[in-house]
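1. Provided below are the primary sequence and the corresponding predicted coordinates.
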Amino acid sequence: MSDLQQEVQPKGAKIKGNKPVNQLEAANRFIAASAHQQMHDQRLWDLRKKRDAQMHLIPEWEALRDLASDIKSHTLDHLADYLEEFERNAKANGVHVHWAKDAQESNDIITTILKERNAKSLVKSKSMLGEECMLRQHLEEEGITVIETDLGERIQQLDKEDPSHVVVPAVHKSRTDVSKVFVKTLNAEQGNNDVHYLAETQRETTRPYILNADAGMTGGNFLVAETGAVVVCTNEGNADLSANTPSLHIVTVGIEKMIPKMEHLAVFIRLLSRSALGSPITQYTSCFRGPRKGGEMHVVLVDNGRSTRLASQKFKAGLKCIRCGACMNTCPVFRRSGGLSYGSTYAGPIGLILSPTYNAHKYRNLPFASTLNGSCTNVCPVKINLHEQIFAWRETLADEKELSLSKRIIMTSLGKLFAHPKAYRMAVQTGDKVLSYLPHFIVYNQLNAWGRQRDIPQPPKETFHSWYAKNYMKKGKADE
Amino acid sequence: MSSREFILNQIRQSCQTEHSEAPTLPLFHQNSVDIIERFKQSLIAMGGQIIEADPQDPYKFVKERIAESKVICSVVPEIQGNRHLTETTEPKELQDIDYGILRASFGVAETGSICLTEQDLFINTLGYLPQHLIIFLDPKQIVENLHDAYARPEWKQIHYAALHSGPSATADIEGVLIRGAQGVRSLSVLLIE
Ligand code: SF4
């Protein structure tokens, strides 16, 4: 195996307009970079193990997962009422509340807020919604300087790459990869790949931007209807700096982030960082209810397809997601192929079920990037039935012509399938259709974390390749 | 139709299911725990420090830090700093502070967190721009877990409050843990009434 610090970083999927993303091709390049692949696999598996250790310390863990799932289901059933309650309370605290149907409208609203105040620079903390809406690209086209303030996100911004993971955006890079980026863009010392030095370089070069920015932006992990609060969970302190230093704070957040009350927040905060990083809580868990002294605060509530997804009892489970990344950390395909191979904002198991709702044609291959081992479902803190939905998407995409999402929701075989859970389980266990996706050696070989201790003689690389080739390459080719 | 109405209508059309009740929540107390001991252990696990009060002078540690630093901003009456904050101080002016000294509203044993509200902070960036923080915390104000924490009245009274659990940190490069990311590099707690 090559040396990690010598090996060139593999790049992500090649995006060709609206053509279906060929995840396999990018995954193969990632696997070929064996040192990167192994580092990536180990780091994510390490997060998974830390998550398990935290889980074992909390006797009520399973009760918390049930509660989290129930709170989210309840909130989604009453979402319109809670959004109105949130808006009322936020406005009473002096927050400006905006509503955006889609990415374009959200980007326009934010641009207008900035332009009306003559703001030319924006410091930003991590926001998956921002990525989903391509907000940074939009603002840069409008002549506004945008600086990502989270270390991983900043690395990715400077390298002109998307984040590869919702929680650890540069997890696919080695220290040398980061050093090369910083030498080119931040004037860092050539050849100094000491991690402390690199982090310090980013801290020192980002601080002046934070101090002098005209505006700050954060996402939101949760919205609390009862208090009109936006709750942000971070480790680096960059979100609190971005929100509290400039006089203008803009929040961009998906409407599904709602929860009813502060008491419910406790359940999610107890689960979030334990599931994500295996730490008991993020270093900062911040609650913004109104502008800081002498400041202005705006919240942009973004729909972008969420209200449509709500229409399907089965589909809407994806809206419970709290973006912890646990399903990615545990997924054998994700760990071995890297987040950028998916070519979509959301990667890993959650990406497989969200991406086709945004563009069923472009992301039609993604639901096949799974072994259906169910490990994602087992770790999900809000109990989304990820592997069942992945399977159902395969059926949908394989059997039906690509239809618009709203038609798909009505006509999809998902509904039929989920209406008979017993039949579904039978299908997963014994069905012909499924067997080709779920050969026994995949479930119980070394590739599969759950089966790690079992000794099966096949070398994992070969198995992975042949499994992919058999089941996935065909699909990929058919689309070319 | 405004986007607001459009979205709300669309949601109402989508949600035609039977309406569920919000679940009721237990507080998950473990009667056996020594709350103060648990707080200390949790804070240390998050990278924070506990200042053991010197029996002669509880502020000894704080005074030593002051003696070796240039810019000290204290918003607690017990300690005199050399940087004074006023109503007109701009948030970014706090960037050269070495030590910020403040009192937290409460602590959480489960996670070693302390809660700083905008009233505790006086200027919100006092929690983030200094290189180091020293926090005073009344041990009687430590609650057992996050359920207790979010039942506190502060969340309904202020515009801004944050749970700080140790100093800022990152592990974004090869998983190497670094205490001191964009925010403070260290956070020390003195348990004192
Ligand atoms: S689907 Fe579940 S496990 Fe995956 S990111 Fe969302 S909440 Fe976390």
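-> Structure received. Keep in mind that what you see is a predicted model, and the values were worked out from it rather than measured. Numbers count the residues shown, from 1 in each chain, chains lettered A, B, ... in the order given.
2. so what's the closest residue to B:Ser168 other than its chain neighbours up against?
-> Spatial nearest neighbour of B:Ser168, chain neighbours left out: B:Gly183 (3.2 Å); criterion: Cβ to Cβ, 6 or more residues apart in numbering or on different chains. Backbone N, C-alpha and C define where each C-beta goes, glycine included. Each residue near B:Gly183 by Cβ atoms under 8 Å, 6 or more residues apart in numbering or on different chains is listed here: A:236-238, A:240-241, A:283-284, B:127-128, B:167-168.
3. with A:Leu265 instead?
-> A:222, A:224, A:231, A:259, B:150.
4. in strands only, show me these.
-> A:222, A:224, A:231, A:259 (DSSP state E).
5. now for those residues: which two are most distant?
-> Within the ones in strands among the contacts of A:Leu265, A:Val231 and A:Ile259 form the most distant pair, 8.7 Å apart (Cβ to Cβ).
6. as TSV, the contacts of A:Leu265 with pLDDT, neighbour count and distance to B:Ala104 would be great.
-> As requested, the contacts of A:Leu265 are arranged in TSV below (pLDDT from 0 to 100; neighbours: other Cβ atoms under 10 Å in any protein chain shown; distance: Cβ to Cβ, whole Å):
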residue	pLDDT	neighbour count	distance to B:Ala104
A:Phe222	98	21	22
A:Val224	98	28	21
A:Val231	98	25	19
A:Ile259	98	26	25
B:Tyr150	98	23	16
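7. looking at chain B, which residue is nearest chain A?
-> B:Gly183 (2.2 Å; Cβ to the nearest Cβ).
8. and what about that residue, helix, strand or coil?
-> Judged by DSSP: H, G, I helix; E, B strand; the rest coil, the three-state class of B:Gly183 is coil.
9. quick one, phi psi at the residue most central in space within chain B?
-> For chain B, the residue nearest the mean C-alpha position is B:His164 (3.0 Å; Cα atoms, centre = their mean). Main-chain dihedrals, B:His164, degrees, to the nearest 10: phi -100, psi 130.
10. is it in a bridge, and if so with what?
-> On the basis of DSSP bridges, B:His164 is bridged to A:Tyr284, B:Ile114.
11. A:Ser106 reaches A:Gly305, doesn't it?
-> No. Counting by Cβ atoms under 8 Å, A:Ser106 stays clear of A:Gly305, with 12.0 Å between them.
12. the more surrounded of those two?
-> A:Ser106 (28 against 17; other Cβ atoms under 10 Å in any protein chain shown).
13. helix/strand/coil for the more buried one?
-> Here A:Ser106 is recorded as helix under three-state DSSP.
14. returning to what we had before: from the ones in strands among the contacts of A:Leu265, which is closest to B:Glu193?
-> A:Val231 (30.2 Å).
15. quick revisit: format the contacts of A:Leu265 as JSON lines; extra columns: distance to A:Asn187.
-> Below are the contacts of A:Leu265 laid out as JSON lines (distance: Cβ to Cβ, whole Å):
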{"residue": "A:Phe222", "distance to A:Asn187": "38"}
{"residue": "A:Val224", "distance to A:Asn187": "43"}
{"residue": "A:Val231", "distance to A:Asn187": "37"}
{"residue": "A:Ile259", "distance to A:Asn187": "44"}
{"residue": "B:Tyr150", "distance to A:Asn187": "44"}
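16. out of the residues you listed, who's nearest the ligand?
-> The shortest gap between the ligand and any of the contacts of A:Leu265 belongs to A:Phe222, at 12.4 Å (Cβ to the nearest ligand atom).
17. hey, what's that closest one bridged with?
-> With DSSP bridges as the rule, A:Phe222 is bridged to A:Val231.
18. was I right about it contacting A:Lys257?
-> Yes. The criterion here is Cβ under 8 Å, and A:Phe222 meets it with A:Lys257 at 5.6 Å.
19. now do the residue of chain B closest to chain A against A:Leu241, distance only.
-> 7 Å (Cβ to Cβ, to the nearest Å).
20. any idea how many residues pack against residue 174?
-> You didn't say which chain, so I picked chain A. A:Ser174: 23 surrounding residues under other Cβ under 10 Å.
21. you answered for a different chain; I wanted chain B.
-> 19.
22. so the nearest residue to it once chain neighbours are set aside versus A:Thr149, what's the distance?
-> In space, not counting the residues next to it along the chain, B:Glu174 is nearest to A:Arg175; the distance is 5.3 Å by Cβ to Cβ, 6+ apart. A:Arg175 sits 20 Å away from A:Thr149, going by Cβ to Cβ.
23. more neighbours, these two?
-> Legend: neighbour count by other Cβ under 10 Å for A:Arg175 and A:Thr149, higher for A:Thr149 (30 against 18).
24. contact partners for the more buried one?
-> Residues in contact with A:Thr149 (Cβ under 8 Å, 6+ apart) are A:123-125, A:206, A:209-210, A:236, A:238-239, A:241-242, B:182.
25. on that earlier part again, what about the contacts of B:Gly183, which are in helices?
-> If you go by DSSP state H, these have A:238, A:240-241 in helices.
26. adding pLDDT and distance to chain B, write those out as TSV.
-> Output for the ones in helices among the contacts of B:Gly183, formatted as TSV (pLDDT from 0 to 100; distance: Cβ to the nearest Cβ, whole Å):
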residue	pLDDT	distance to chain B
A:Asn238	97	4
A:Asp240	98	5
A:Leu241	98	5
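27. run a quick neighbour tally on residue 90.
-> I went with chain A, as the question did not name one. Quick note: A:Ala90 (other Cβ under 10 Å) scores 27 neighbours.
28. was after chain B, sorry
-> The number of residues packed around B:Glu90, counting by other Cβ under 10 Å, is 13.
29. for B:Thr86, same thing?
-> The burial count assigned to B:Thr86 is 7, neighbours taken as other Cβ under 10 Å.
30. how about the contacts made by residue 39?
-> You didn't pick a chain, so chain A it is. For A:Met39, the contact set (Cβ under 8 Å, 6+ apart) comprises A:4, A:174, B:174.
31. if you could check chain B rather than the one you did, that'd help
-> B:107-109, B:112, B:142.
32. then A:Glu140?
-> So A:Glu140 contacts A:Val146 (Cβ under 8 Å, 6+ apart).
33. against chain B, how distant is it?
-> Distance of A:Glu140 to chain B, given as Cβ to the nearest Cβ, to the nearest Å: 22 Å.
34. A:Ser164: neighbour count?
-> A:Ser164 has 24 neighbouring residues, counting by other Cβ under 10 Å.
35. for chain B, what are the low-confidence residue spans?
-> For chain B, the stretches with pLDDT under 70 are B:17-18.
36. name the SS class of the residue of the stretch 51-200 of chain A found nearest the ligand, please.
-> Nearest to the ligand, among the residues of the stretch 51-200 of chain A, is A:Val166, at 6.4 Å (Cβ to the nearest ligand atom). Following three-state DSSP, the label given to A:Val166 is coil.
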